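Engineer: Here is my input, please return the structure:
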Amino acid sequence: MGADVSGAARPRLGFLGTGWIGRHRMAALAATGLADIVAVAEPDDASAAEALAIAPGAVRVDGLDALLAAGIDAVVIATPSAAHAAQSIAALDAGKAVFCQKPLGRTGPEVAGVVAAAERADLLLGVDLSYRHTAAMQAIRGLLQGGALGHVFGVDLLFHNAWGPDKPWFYDPALSGGGCVVDLGVHMVDLALWALDWPKVERVESRLYAKGAPLSDPARQVEDYAVATIDLTGGTTIRLGCSWGLQAGREAVIAAEFFGTEGGASLRNVDGSFYDLVGARHLHTREERLSSLPDDWGGRAAVDWLTRLAGGARFDPQAGRLADVAFVLDRIYGR
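Structural biologist: As a prediction, the model looks like this:
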């Protein structure tokens, strides 16, 4: 790793893909002052120029191989989903830590393969499951872990995007791995299992739809509306709903609601926003706010990864939970 003026190690970062999300995460990481951004691999000239404006000391290189050869310690990946697993494994095998956009892979076996590569290399692996890092979910998880809600018997998860992706590859199941479930549902399933401290999943039932009709050929079409029921050990039932293009009357509907014998708690978006999320504790008909706005949470997963990397962290066994979530998604898809 590179060194700062005090002699402490500073990770040298390379960025693979600098579209909007890649540049947002780059800006968040640059603002920490914990790392040097030394290289960018981005085929689009305009996106590359905007990235280099954020990190003027970086060089632009052509593709993953050149990025891995650019003297970096870690790679931040923000490319289309089909490439995530293979690119992450290539980086890990080359001795580079990885922070990747979700989904880490299109299927459970793909995700498990990346986790195995990280363990084999003893390198830190992070995925941009950013909703964990909202102030609302941090507070809710604290209530759950402390038993403040009693026995949590029900969890309702919603993520409806009234628009839908604007890139054609999202609608090709071979490239995306699926539709709204792998794009949006992955966040919500991860949130629930993480907040509940990873109970065992006993049963999964689901219904998938495309253009208002049951999904008939998942090899050729992706779902744009899905509902699933996930039964957990200990008597907890999760209900998941997610969609693209739903006529919801607002930009987005985002919620994670936990119902217990001693109270409830919820994360909900405000006025259809994708970014304004608040938490509340529920005592029958009364509500107590757990968090407030503004809450600039978008880059926190990346910053958490970098903070641990700069502190010398190696492989974290909790990365195995990424595969646990991916295999739940596989069961939703009937794989």
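
Engineer: Can you tell me the SS state at the nearest residue to residue 229 once chain neighbours are set aside?
Structural biologist: Distance criterion CB to CB, 6 or more residues apart in numbering; nearest residue to residue 229, sequence neighbours excluded, is residue 205 at 4.8 Å. (C-beta placed from N, C-alpha, C; glycine too.) Assigned by DSSP: H, G, I helix; E, B strand; the rest coil, the conformation of residue 205 is strand.

Engineer: Could you check how many residues crowd around residue 205?
Structural biologist: By the criterion of other CB atoms under 10 Å, residue 205 has 12 neighbours.

Engineer: what pLDDT does it get?
Structural biologist: On pLDDT, residue 205 comes in at 98.

Engineer: and it, how far is that from residue 272?
Structural biologist: 29 Å (CB to CB, to the nearest Å).

Engineer: Same check on residue 262?
Structural biologist: 31 Å.

Engineer: Tell me which stretches of the stretch 151-300 of the chain form strands.
Structural biologist: 152-161, 201-210, 213-214, 225-232, 236-244, 252-260, 263-269, 277-283, 286-289 (DSSP state E, counting those that start in this stretch).

Engineer: ok so, going back, for residue 262 and residue 272, indicate the residue with more neighbours.
Structural biologist: Neighbours per residue, other CB under 10 Å: of residue 262 and residue 272, the larger number sits with residue 272, 15 against 12.

Engineer: how near is that one to residue 171?
Structural biologist: Taken as CB to CB, the span from residue 272 to residue 171 is 24 Å.

Engineer: Could you do residue 149 as well?
Structural biologist: 39 Å.

Engineer: And the two? Which one has more around it.
Structural biologist: residue 149 (20 against 16).

Engineer: Now do that one, the pLDDT please.
Structural biologist: 98.

Engineer: Find the nearest non-adjacent residue to the most centrally placed residue in the chain, please.
Structural biologist: Taking CA atoms, centre = their mean, the centroid of the chain lies closest to residue 129, which sits 2.5 Å from it. In this structure, residue 129 finds its nearest non-sequential neighbour in residue 190, 5.1 Å apart by CB to CB, 6+ apart.

Engineer: In contact with the one you found, which residues?
Structural biologist: Counting by CB atoms under 8 Å, 6 or more residues apart in numbering, residue 190 makes contact with 129, 131, 132, 325.

Engineer: Rebuild these as CSV, extending it with distance to residue 294.
Structural biologist: Formatted as CSV, those follow (distance: CB to CB, whole Å):
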residue, distance to residue 294
129, 21
131, 16
132, 18
325, 28
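
Engineer: now, the most widely separated pair of these?
Structural biologist: Farthest apart among the contacts of residue 190 by CB to CB are 131 and 325. That separation is 12.5 Å.

Engineer: would you turn the strands of the stretch 151-300 of the chain into TSV with distance to residue 95?
Structural biologist: What follows is these, written out as TSV (distance: least, CB to CB, whole Å):
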stretch	distance to residue 95
strand 152-161	36
strand 201-210	34
strand 213-214	47
strand 225-232	37
strand 236-244	37
strand 252-260	37
strand 263-269	38
strand 277-283	37
strand 286-289	46
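
Engineer: Specify the stretch among the ones you listed that is closest to residue 180.
Structural biologist: strand 236-244 (4.6 Å).

Engineer: in its sheet, what does the closest one sit against?
Structural biologist: Partner strands and pairing direction for strand 236-244 (DSSP bridges) are strand 152-161 (parallel), strand 225-232 (antiparallel).

Engineer: Can you check what pLDDT the model gives the nearest residue to residue 160 once chain neighbours are set aside?
Structural biologist: What sits nearest to residue 160 in space, not counting adjacent residues and going by CB to CB, 6+ apart, is residue 253, at 4.2 Å. The model reports residue 253 with a pLDDT of 98.

Engineer: more neighbours, residue 131 and residue 325?
Structural biologist: residue 325 (27 against 22).

Engineer: one step back: is it correct that the residue nearest to residue 160 is in contact with residue 184?
Structural biologist: No: under the criterion of CB atoms under 8 Å, residue 253 is not in contact with residue 184, lying 10.6 Å apart.

Engineer: Now for residue 333, how many residues are close by?
Structural biologist: 23.
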